[in-house]
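Participant: next comes the sequence, and after it the predicted model I'd like to discuss.
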Amino acid sequence: MIIELGHFALILAFAVSIVQFAGPLFAVKTGDQRLFSIAPHAAILQAMLVVGCFAALVIAFAKSDFSVALVYQHSHSLQPFIYKLTSVWGNHEGSMLLWVMVLSLFGGAVAIMGRDMPHDLRSVTLAFQGLIAAVFTGFILFTSNPFLRQVNAPFEGKDLNPILQDPGLAIHPPMLYLGYVGFSICFSFAGAALLLGRVDNMWAKFVRPWALLAWIFLTLGIAMGSYWAYYILGWGGWWFWDPVENASLMPWLAGTAFLHSAIVMEKRGALKVWTVLLAILTFSLSLMGTFIVRSGILTSVHTFASDPARGVFILGILVLFVGGSLALFAWRAPSLAHGGLFAPVSREGALVFNNLFLSASCLAVLVGTLYPLLLEAITGDKISVGPPFFVATMLPLTIPLALAMPFGQNLAWKRGAFLGLFQRLALAIFAAVFIMIIVFATQQNGPVLAPIGLGLGLFLGVGSLVDVFNRSFRGGGILLGFRRAFGLPLSAWGTTIAHFGVALFIVGVSMTAYDEEKVASMTINDSISLHGYRVTLTDFRNNSEANYREAITKFDVSTGGVKVAVLEPSKRTYIMSRSPTSQTARYTIGFSQIYVALGDSDNFGATSVRIYWKPFVLLIWLGPAAMALGGLLSLLDRRLRIGVAKRAERVVLQ
Amino acid sequence: MKTKIIAAFMWSFIFTGPIFAVEPGEIMSDAAQEQRARGLSLELRCLVCQNQSIDDSNADLAKDLRVLVRERILVGDSDEEVKSYLVARYGEFVLLKPSFSSHTFLLWTLPFFGLLAGMALALRKRKARPENMLSEEEQRQLLALTTTGDKK
């Protein structure tokens, strides 16, 4: 019964979303103000319906209701409860429903929190959100219905893909979706702004918190996915330039550019046309990512949930939205007035530089991802575009970007001066050059790019702190300095911490050049020495859990004769799918890790083992975590929450 | 039921491929040569896999290719010679970093053309706008206003 209610709720949500988009658009045409008021109510109702419908599916999975075809296909009664829940989005239908839920939650949130927005802007924004929801709810209802029943319910389900039965899957997809579907709201804002001719500073101010929110989730989602791949896939890589990873990176690059250009638009009224275009492009890239993942058009390790037949439908959606929004843009953009003037050397100029390089990096990822497909379609030639290509093209585009970041952060609006800039950054430059000299001097035949990366990271790290330091500790005592530092607007801290996060990330990535690796065939009491640690194989044992059995290999990690850790990597075999998976084990020392992965066992009781020393590897994910924290601080800044001040005013009047 | 599960369990072990790439038996005795082989492996695609290099992959073909790369190195091939040896047999598809040719011209250059076009556009927009926004007439009016203001 609950399943039928869920199904019905989805059909209702489909109907409501049509009202949500038709009402306000009709209002724009006829000028009937009353019709605008439909949108917020419809958006809230739609969000409630979709959440209810999602809850129905969650209940079906929690109860292992195998009369529902989807539950039978992707769940098993012996799965731990948490993985029964995550099975909901470990498949095509469920993940599309999650997609639509995020879409309608953002719509509902704008309806509730956007009370201070101009009436028409809020309603037309929600209308665009409703249009996207209508199309995707329709897609689910007509091609990927999660609520289909089957007669003669089987006793047991087919189990979730073992590689997905991991805490990483519990968090990664929802985070990622909150991120890249969240950018739908920026797209809707852009559509509304163009349709109503309201492309101004206030628009930028209204859209920025939402963009920040989506960006925070996207950043965390990508980082989570990367860490998951690092520990699950067993060869210690953390980014594979896989088409599906690229599909999430592109909206991130475009979204990051958007956040920065929206600042210029909000503060200085410049870059209007470009900012609106970026809002459209960011979500278009999200849609393209959805198409890539859902259609399985590009071969990748993520195609567990793909179905080519549905690809055509999503391609149609993609063409509709990208084509439609760009046509709207082409129609309206020429009428937009130009904004404030600025000198090339200024905060605005630096942000333009940021946007150029971020967009070019995004273009490089886009071209690299789609080129093999297009080339094969046009000429029939098959080529591969893999990690070495992306590294070769992305480095020249991202290094200047990182190099410019501290400069931009310390420049004044309108007109800055280079000389003062170099004075302010002298310490950062000195630190960077110093570390590069030290590293180059101490290493023999070492990597060349890594010391440069370390220097860059240090320059950026120190450089990102300069602004806050100068504003707090210039003149006055230390105590006054701290008081000033706490008094700085949160957004200043946000920028500082987010940029510092980029520095951490660069250092983490550079340090991968100093990875050490040992591969050996080992049996009991064999040991391997690696970076001052001794890893000894001590035991083989078997273990069985509800839905899998595992062969555990036990290792002792010791340094200087003292045992510091026990590592237990294993090989699991799931009862239903029979496919073996390998579980790695890691020992963390500060930001570094010792990483052990198992290979095959031979017939003589020996097993092949891969052991890595990964110096400062955790910085690769702590960096993005710091970026997200910076985003959160900016989001909490009072100046962004214009609604708060207004509501207080109303209380006074009463 | 129970015997079935156990049978399934044992069956799975027979078909369990190696979980990871480079196996102990493959490693070359000369460390420098091994390092070259690893570097090359990262640039070669496992043809039957989905987007993996032969260094990462555990497929049989990847293992064969890893061994082949090491054989070519032992014979005395340079890195480029090993690559062209493989391209001759498996086609361009085997290279994860496509070589620069008329077919891949746009792939390699488009991002940089995009960057240059963006820069050109930004600079042109700046030039299109006059440094001084006031017309001569307005300047005169402004001067008149400010000077009369002084006299008062």
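Facilitator: It's in. The model shown is predicted, which means the values in this text are computed figures rather than measured ones. Numbers count the residues shown, from 1 in each chain, chains lettered A, B, ... in the order given.
Participant: where does the chain have its least confident helix or strand?
Facilitator: Just so you know, I chose chain A. One helix or strand of chain A scores below all others by mean pLDDT, DSSP states H and E: helix A:642-653, with a mean of 44.
Participant: the intended chain is chain B.
Facilitator: helix B:2-14 (a mean of 39).
Participant: check which helices and strands the helix or strand just after that helix sits against.
Facilitator: Of the helices and strands lying after helix B:2-14 in sequence (DSSP states H and E), the nearest is helix B:31-42. Secondary-structure packing of helix B:31-42 (3 or more Cβ pairs under 8 Å, 6 or more residues apart in numbering or on different chains; DSSP states H and E): helix B:60-75, helix B:79-90. Every C-beta, even on glycine, is put in place using the N, C-alpha and C of the backbone.
Participant: tell me the angle of helix B:31-42 relative to helix B:79-90?
Facilitator: Counting by axes from the mean of the first three to the mean of the last three Cα atoms, to 10 degrees, helix B:31-42 lies at 40 degrees to helix B:79-90.
Participant: still on that earlier bit, quick one: closest of the helices and strands packed on helix B:31-42 to residue A:397.
Facilitator: Minimum separation from residue A:397 across these (Cβ to Cβ) falls at helix B:79-90, 25.4 Å.
Participant: that closest one: which residues count as buried?
Facilitator: B:82, B:83, B:85, B:86 (16 or more other Cβ atoms under 10 Å in any protein chain shown).
Participant: state the mean pLDDT of the helix or strand that comes right after it.
Facilitator: Per DSSP H and E, the first helix or strand lying C-terminal to helix B:79-90 is helix B:105-128. Helix B:105-128 carries an average pLDDT of 86.
Participant: again, but for stretch A:367-386
Facilitator: Average pLDDT, stretch A:367-386: 87.
Participant: let me see the residues that make contact with that stretch.
Facilitator: The contact list for stretch A:367-386 (Cβ atoms under 8 Å, 6 or more residues apart in numbering or on different chains) reads A:241, A:243, A:246-247, A:250, A:292, A:297-298, A:389-390, A:393, B:43, B:45, B:51, B:53, B:91-98, B:103-104, B:106-107, B:110-111.
Participant: ok, now which ones touch residue A:553?
Facilitator: Residues near residue A:553 by Cβ under 8 Å, 6+ apart: A:537, A:539, A:540, A:568, A:569, A:570, A:598, A:607, A:609.
Participant: number of nearby residues for the fourth one?
Facilitator: Read that as residue A:568. 15 (other Cβ atoms under 10 Å in any protein chain shown).
Participant: for it, list the residues it contacts.
Facilitator: Counting by Cβ under 8 Å, 6+ apart, residue A:568 has contacts A:552, A:553, A:554, A:555, A:585.
Participant: what do you get for the first one?
Facilitator: By Cβ under 8 Å, 6+ apart, residue A:537 lies in contact with A:522, A:523, A:524, A:525, A:526, A:527, A:553, A:554, A:555, A:607, A:609.
Participant: could I have the ChimeraX command that selects the buried members from the residues you listed?
Facilitator: Per 16+ other Cβ under 10 Å, the buried members of the contacts of residue A:537 correspond to this ChimeraX selection:
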select /A:522,527,553,554,555,607,609
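Participant: can you list which of the contacts of residue A:537 are found in strands?
Facilitator: Taking DSSP state E, the ones among the contacts of residue A:537 that sit in strands are A:522, A:527, A:553, A:554, A:555, A:607, A:609.
Participant: in a markdown table: the residues you listed, plus pLDDT and distance to residue A:547.
Facilitator: Shown next, in a markdown table, are the ones in strands among the contacts of residue A:537 (pLDDT from 0 to 100; distance: Cβ to Cβ, whole Å):
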| residue | pLDDT | distance to residue A:547 |
| --- | --- | --- |
| A:522 | 91 | 29 |
| A:527 | 92 | 34 |
| A:553 | 93 | 21 |
| A:554 | 94 | 23 |
| A:555 | 95 | 26 |
| A:607 | 88 | 24 |
| A:609 | 90 | 26 |
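Participant: quick one: contacts of stretch A:198-209?
Facilitator: A:114, A:117-118, A:120-121, A:185-186, A:189-190, A:192-193, A:259, A:262-263, A:265-267, A:269, A:272-273, A:275-276, A:279, A:336, A:635, A:640-642.
Participant: at 7 Å instead, please
Facilitator: A:117, A:121, A:186, A:189, A:193, A:262, A:265-266, A:269, A:272, A:275-276, A:279, A:336, A:635, A:640, A:642 (Cβ atoms under 7 Å, 6 or more residues apart in numbering or on different chains).
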